[in-house]
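K.L.:
Sharing a model that was predicted from the sequence below.
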Amino acid sequence: MSSSPTHPPGTKSRRPKWWLEPAIVLGVAIALAVIMPLILPVFRLRLLGRFVALAIAALGIDLIWGYTGLLSLGHGIFFALGGYAFAMHLNLQLPEGQIPNFFSLYGVEELPWIWQPFYSLPVTLISIVLIPGLVAGLLGYLVFRNRIKGVYFSILTQAALLVFFNFFNGQQDLINGTNGLSTNRYEIFGVAAGAPQAQLAFFQTSLVMVGLVYLLCRWLTDGRFGRMLVAIRDDEIRARFAGYDPTGFKILVFAVSGAIAGISGALFTVQTGLITPSFMEVAFSIEMVIWVAVGGRASLIGAIIGTILVRTAQTFLSEWSPEAWLFFQGGLFLIVVTVLPNGLYGWFRDSAIPQVRSRLGLQPRLVSYPDIDLNPEVQQEQDELERLDR
Amino acid sequence: MIELAVGIFNGIGIGSVLLIAALGLAIVFGLMGVINLAHGELMMLGAYTTFVVQNFFRDLDAGDGIFGLYIFVALPAAFLISAMVGLILERGVIRFLYGRPLETLLATWGVSLILRQLVRSVNWLLAIAILLFCALFFGGMWVLRRRPNWEGIKGWAIAVLLPLSLGIAGLAGWAMTGVNTLAQPWFGPRNVDVSTPPWLRGGLEVGAYRLPYSRMFIIVLTLLCLLAVYWFFNRSDWGLRIRSVTQNRSMSACLGIPTETVDALTFALGSGLAGIAGCAITLLGSVGPNVGQNYIVDTFMVVVVGGVGNMFGAILAALAIGVSTYLLGSGALVGVFDDINALQFVAEFLRFFTSTSMARVMVFALIIAFLQVKPSGIFPQKGRTAEL
């Protein structure tokens, strides 16, 4: 919605008003935040809150995989970094002079300097976004600068994931190693983070955040920036010859995606009550990709729907039998990739809805590529032509 | 100094395991541009094959030492089983995804999940159900394919046959759940132990250190595999065809080389090498459903660092990664720098990375630094067709 075409006065714009979508999305998010607690039992509500938090990370993955064509298998890094930042802040909510319990296990007397900044809430909130974003940007700079792409990028992100996993696992005396940090007992705004009212607030925050992140992604992908991302995805070499520098765009979008994963990680951590290095396992990061693939690539709403559907299926199937879920998950990877390359959303858009329309005897909608009727220049020309006709 | 030499020897041992595993991956990636995340699971299948063969020989053994020879049967068996599974994988999934490397990545991850869970929970019940399903579904398809209007009814046939055979197989499995002998899992989720043949136990004494025979065996095995692969690619007809398809697929197809057969053959070969690697790792530790995951990322790093489609690059990369991981992790390098006063700070720095997991952190940093200088590996592909 960034560029508003110059309309001659008196002509109707074919573009919807810019504030309409933000208003609808936020409205839906807030409405759900109010209604869901009324109809769902507490246990399911907490599960839903976690899924919504994960959907934020899926939005970030959609941004770099769906729109830019970079398959990152290392988003667990940024997810966990955000989670650790928030968990460290909560762990420091202690009386003056005390340090978290686990330090005494390893004979640490003084708080390590890495922990110091997390005393203050604003710094923590900023670092939830900033640290993962910077790490992603740095990694992206080192990788994209050399035009490493495609599967090489995927493998390098996976290797980076393993490195972070090993690092966090190995540093017992710094961040409690394998055991991770728990958050439930600590207080935030005077309420224990595990208490029902805090959890409800986290659930509502997650819903509002998913709306806000959705809008951010929508804003990024709708304008020139988004068209550049798609250009990089479809033909990077041509984009380079057209005079653009794909490297900068790729670094930026990777950093943004990492920052989004950080937000997601923070919200997920406080709702699970625990952050451990296991969030940086290879399997979890690949799972994130499959949520996007099931929902539909390059469609932001698909990423949200996919996450919630897959996680719900996982909950119910593993309650029934854990073995069945693993077989099902493996099958899901195979089926989505081979039969539904555009995910559920793509199937509805390209196949189901047109079929229903034709059954109902409606004309199929003309689809032009690229969206000619959305291009401001073309629209301006058309408006001028209409004016001449009159 | 001798400590360093022993460290390098052990590192070469690790590197050679990486090399057998990476060789198959590099061949497949060089030819088809396919990254196979299920490669580790193919190694796992090789390791479990070794376990089964070992058990068979243990039953056979009557005190005459025949048990020690199981490894010579296990190696070809592991090769064949993994190659067969690889062939099924290529024909069943991957050939539909050529030209879409990222999708292949995800699909092979799905296969790896299924294989891991299959090994955990496989029992006679599941095996019978799967066989029944295959017989019903593929048998039915085979019968229907004879009909003249096959293309017209294909969609309907699949839509009817698939749930029908799934249902029958599921019902049959459910009906037999009462039989205890059938419901017993073959391997279970726990790790199983493969005992090393007696003649590979022990080691060569070098001063205060010991070079285990099993590692030497692995190094020799790797050398043999390298020679065999080299011979196959450079001296045999199919090797020539594979190389030509690697260089220019469409031109090879025009000249009458059956590229689909070449693809299937290459994939089977790469998978078979993974099976041999799996057999080799049984000598190093116990075998579990997740054993492949321990090696997979390192193996990929070998391919990335070595450069695509170059055996020599893979050899160098595997040795470099193996040796540096071991030297850093075991602290052998710290000892070297400790003796020199001027280099104390280096020793301090290296001491921080003295553990297997921290050594990996360091090696990854080195790899990233290396890729800044040579982004497409030690020996990059040259010429106009080179993509990276």
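P.N.:
The structure has been received and is ready for your questions.

K.L.:
which residues in the stretch 51-200 of chain A form helices?
P.N.:
A:75-91, A:102-105, A:121-144, A:151-170, A:172-175, A:196-222 (DSSP state H, counting those that start in this stretch).

K.L.:
can you tell which of those is closest to A:Ser351?
P.N.:
helix A:196-222 (23.0 Å; Cβ to Cβ). Where you see a C-beta, it was placed from the backbone N, CA and C, and this is true even at glycine.

K.L.:
For whichever helix or strand B:Gly40 is part of, name the packing helices and strands.
P.N.:
Using DSSP states H and E, B:Gly40 falls within helix B:39-60. Packing partners of helix B:39-60 (3 or more Cβ pairs under 8 Å, 6 or more residues apart in numbering or on different chains; DSSP states H and E): helix B:2-32, helix B:70-92, helix B:101-121, helix B:259-281, helix B:291-306.

K.L.:
Can you lay out those helices as CSV showing mean neighbour count, distance to A:Phe249 and mean pLDDT?
P.N.:
Shown next, in CSV, are those (neighbours: other Cβ atoms under 10 Å in any protein chain shown; distance: least, Cβ to Cβ, whole Å; pLDDT from 0 to 100):
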stretch, mean neighbour count, distance to A:Phe249, mean pLDDT
helix B:2-32, 23, 27, 82
helix B:70-92, 20, 36, 91
helix B:101-121, 23, 19, 88
helix B:259-281, 25, 35, 91
helix B:291-306, 24, 24, 84
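
K.L.:
between the ones you listed, which one is nearest to chain A?
P.N.:
helix B:101-121 (2.6 Å; Cβ to the nearest Cβ).

K.L.:
what about B:Ile367, which SS state?
P.N.:
helix (DSSP: H, G, I helix; E, B strand; the rest coil).

K.L.:
separation between A:Tyr351 and B:Glu103?
P.N.:
Heads up, residue A:351 is Ser, not Tyr. Distance from A:Ser351 to B:Glu103, counting by Cβ to Cβ, to the nearest Å: 19 Å.

K.L.:
returning to that earlier point: save the helices and strands packed on helix B:39-60 as TSV, and put in distance to chain A too.
P.N.:
Written out in TSV, the entries for the helices and strands packed on helix B:39-60 read as follows (distance: least, Cβ to the nearest Cβ, whole Å):
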stretch	distance to chain A
helix B:2-32	8
helix B:70-92	9
helix B:101-121	3
helix B:259-281	15
helix B:291-306	5
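
K.L.:
okay, the ones you listed in a markdown table with distance to A:Leu121 next?
P.N.:
What follows is these, written out as a markdown table (distance: least, Cβ to Cβ, whole Å):
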| stretch | distance to A:Leu121 |
| --- | --- |
| helix B:2-32 | 47 |
| helix B:70-92 | 51 |
| helix B:101-121 | 39 |
| helix B:259-281 | 49 |
| helix B:291-306 | 37 |
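
K.L.:
for those helices, which one sits closest to A:Tyr141?
P.N.:
Taking these one by one with Cβ to Cβ, helix B:291-306 is closest: 17.9 Å.

K.L.:
Neighbours of the spatially closest residue to B:Gly292 that is not a sequence neighbour, how many?
P.N.:
Distances taken as Cβ to Cβ, 6 or more residues apart in numbering or on different chains put B:Gly40 closest to B:Gly292, at 2.6 Å, once the chain neighbours are dropped. Using other Cβ atoms under 10 Å in any protein chain shown, the number of residues around B:Gly40 comes to 27.

K.L.:
And B:Val179, how close does it get to A:Met209?
P.N.:
53 Å.

K.L.:
More neighbours: which of those two?
P.N.:
Counted by other Cβ under 10 Å, B:Val179 and A:Met209 do not tie: A:Met209 has more neighbours, with 20 against 11.

K.L.:
so that one makes contact with A:Ala57?
P.N.:
No. Judged on Cβ atoms under 8 Å, A:Met209 makes no contact with A:Ala57 at a distance of 11.2 Å.

K.L.:
Can you tell me the centre-most residue of chain A?
P.N.:
Chain A has A:Ala57 as the residue nearest its centroid, 2.5 Å off, counting by Cα atoms, centre = their mean.
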